[in-house]
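J.: what's the 3D shape of this:
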Amino acid sequence: MRIGLIADTHDRLPALQAALDHFGLLDIDTVLHAGDLVAPFAARLLASFGGNMHVVYGNNDGERQGLKAVLPQIQDGPLFLNIADRRILLHHYIDWCKPADVARADVVVTGHSHELLVDRQDGKLFINPGECCGWLSGRCTVAILDLRSATVETVEVSP
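T.: Residues are numbered from 1 along each chain as shown. Next up, the predicted model:
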């Protein structure tokens with residue numbers, strides 16, 4: 001089973017649409033967003049994705065009521081998910097993750113830094129899909145996590 005990972009979209013709708021289109025081409029039916037959508041109009045686009053959507057707030061998600069109205073499932077991290085026999089911890093910022101929470105996870109997905117990261121430490125997979133918005137790096141990136149093989153493909157999408 002493959003799932004799409006996205007973070008830090010920061011209202012850049014063309015990049016978000018390109019990411020969702022890419023996920024659709026791959027028949028991905030589950031997406032995890034690690035925060036910083038920012039505004040409800042971006043949340044509406046994310047909500048248009050036809051599959052399972054799991055979302056946590058980021059530090060720039062100030063319009064919480066508006067975001068919650070569009071994405072009722074959005075919540076503060078940490079969010080724990082059990083998918084395909086893997087325990088996934090979804091949070092916006094790795095430094096906000098408590099060591100006890102990380103210890104319970106097989107996979108840790110975060111955002112915030114806008115820096116793409118795929119790392120294995122102590123038998124755990126740490127992933128930051130980078131910034132979908134591309135505002136800081138000039139690269140609009142997302143990741144595809146294959147839960148069966150515990151491998152990650154990073155993808156640059158073109159808005």
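
J.: only C-alpha atoms for contact and neighbour calcs from this point on.
T.: Fine.

J.: show me where the protein has its strands.
T.: Secondary structure of the chain (DSSP state E): strands at 2-6, 30-33, 52-55, 79-83, 86-90, 107-109, 116-121, 124-129, 141-146, 151-156.

J.: give me the contacts around the third one.
T.: Going back to what we said before, that points to strand 52-55. With CA atoms under 8 Å, 6 or more residues apart in numbering as the test, strand 52-55 has contacts from 29-35, 47, 73-75.

J.: buried set for it?
T.: For strand 52-55, a neighbour-count test (16 or more other CA atoms under 10 Å) marks 53-55 as buried.

J.: make JSON lines from the strands of the chain and add distance to A100 and mean pLDDT to it.
T.: Below are the strands of the chain laid out as JSON lines (distance: least, CA to CA, whole Å; pLDDT from 0 to 100):
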{"stretch": "strand 2-6", "distance to A100": "23", "mean pLDDT": "98"}
{"stretch": "strand 30-33", "distance to A100": "21", "mean pLDDT": "98"}
{"stretch": "strand 52-55", "distance to A100": "21", "mean pLDDT": "97"}
{"stretch": "strand 79-83", "distance to A100": "13", "mean pLDDT": "97"}
{"stretch": "strand 86-90", "distance to A100": "11", "mean pLDDT": "98"}
{"stretch": "strand 107-109", "distance to A100": "12", "mean pLDDT": "98"}
{"stretch": "strand 116-121", "distance to A100": "15", "mean pLDDT": "97"}
{"stretch": "strand 124-129", "distance to A100": "13", "mean pLDDT": "98"}
{"stretch": "strand 141-146", "distance to A100": "23", "mean pLDDT": "98"}
{"stretch": "strand 151-156", "distance to A100": "24", "mean pLDDT": "97"}
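
J.: need these in JSON lines (columns: distance to G24).
T.: JSON lines is the format used below for the strands of the chain (distance: least, CA to CA, whole Å):
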{"stretch": "strand 2-6", "distance to G24": "10"}
{"stretch": "strand 30-33", "distance to G24": "10"}
{"stretch": "strand 52-55", "distance to G24": "12"}
{"stretch": "strand 79-83", "distance to G24": "19"}
{"stretch": "strand 86-90", "distance to G24": "21"}
{"stretch": "strand 107-109", "distance to G24": "21"}
{"stretch": "strand 116-121", "distance to G24": "22"}
{"stretch": "strand 124-129", "distance to G24": "17"}
{"stretch": "strand 141-146", "distance to G24": "12"}
{"stretch": "strand 151-156", "distance to G24": "14"}
